[in-house]
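1. Provide a 3D model corresponding to the input given below.
(2 chains)
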Amino acid sequence: AQKITQTQPGMFVQEKEAVTLDCTYDTSDQSYGLFWYKQPSSGEMIFLIYQGSYDEQNATEGRYSLNFQKARKSANLVISASQLGDSAMYFCAMREGPNFGNEKLTFGTGTRLTIIP
Amino acid sequence: KAGVTQTPRYLIKTRGQQVTLSCSPISGHRSVSWYQQTPGQGLQFLFEYFSETQRNKGNFPGRFSGRQFSNSRSEMNVSTLELGDSALYLCASSTLRGPHTEAFFGQGTRLTVV
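-> Numbering: from 1, shown residues only, chains lettered A, B, ... in the order given. Below is the predicted model of the structure:
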């Protein structure tokens, strides 16, 4: 079974609109972390936002917020007021188990977001 | 503060050859992980090093190996290259300072095997 599922291969969004990128995950661990990364065409993976399994509040970082629904095992990324520079691939990733001793990230297949002027 | 540096950025090799890729982590980061990214398989974890020891290894053949030096710089080696090894190889470093520790990635080495 896929540990990280991103069901939207591609999305087109009008500039200045909000966009939600979906991510569901599968793990039996109680302690885990969820990450979102942005990958522009240059190839570098840029960290956007993190949500820990024990965090009670949804994470926010500027225009990025994470809609964390633990019971549904979903961690959707919300980008408010999209900009042309937001056009890129977006990956959801999970680190399972306690932080120390396991740095392995499992990635989803990604969503290609295109912002239309 | 310098980011994660990977060298070279681009590489073309012939089947059967071997290749060594280098990764210099962010200063102070002791954990270095390697990932392979291909259109067909996506992003896959190769291995992770911490304090010169391999702690985790992904599901890759023994042709893929790595090491970490005392200054935390890491190298990965692929021997007997196959066409399917063509990929973007990404290196990530982290500080292991707590559960919110994110991994910082380099720009990757794009390897083409012909």
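2. which bits of chain A sit near chain B?
-> Within chain A, the positions lying close to chain B (Cβ under 8 Å from any Cβ of the partner chain) are A:31, A:33, A:35, A:37, A:42-47, A:50, A:52, A:54, A:91, A:93, A:98-110. For glycine as for every other residue, the C-beta is placed from the backbone atoms N, C-alpha and C.
3. From those, keep the buried residues only.
-> Neighbour-count burial (16 or more other Cβ atoms under 10 Å in any protein chain shown) applied to the residues of chain A next to chain B gives A:33, A:35, A:37, A:43-45, A:47, A:50, A:52, A:91, A:93, A:99, A:103-110.
4. Tell me which residues touch the most centrally placed residue in chain B, please.
-> The centroid of chain B falls nearest to B:Trp34 when counting by Cα atoms, centre = their mean (3.1 Å). By Cβ atoms under 8 Å, 6 or more residues apart in numbering or on different chains, B:Trp34 lies in contact with B:23, B:45-48, B:66, B:74, B:76, B:89-92.
5. Run through the strands of chain B in chain order.
-> B:5-7, B:10-13, B:19-24, B:31-38, B:42-50, B:53-57, B:64-68, B:74-78, B:87-94, B:104-105, B:109-113 (DSSP state E).
6. Serialize the ones you listed to a markdown table and add fields for distance to A:Tyr25 and mean pLDDT.
-> What follows is the strands of chain B, written out as a markdown table (distance: least, Cβ to Cβ, whole Å; pLDDT from 0 to 100):
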| stretch | distance to A:Tyr25 | mean pLDDT |
| --- | --- | --- |
| strand B:5-7 | 28 | 97 |
| strand B:10-13 | 34 | 98 |
| strand B:19-24 | 27 | 98 |
| strand B:31-38 | 18 | 96 |
| strand B:42-50 | 15 | 94 |
| strand B:53-57 | 19 | 91 |
| strand B:64-68 | 26 | 97 |
| strand B:74-78 | 27 | 98 |
| strand B:87-94 | 19 | 95 |
| strand B:104-105 | 20 | 93 |
| strand B:109-113 | 29 | 98 |
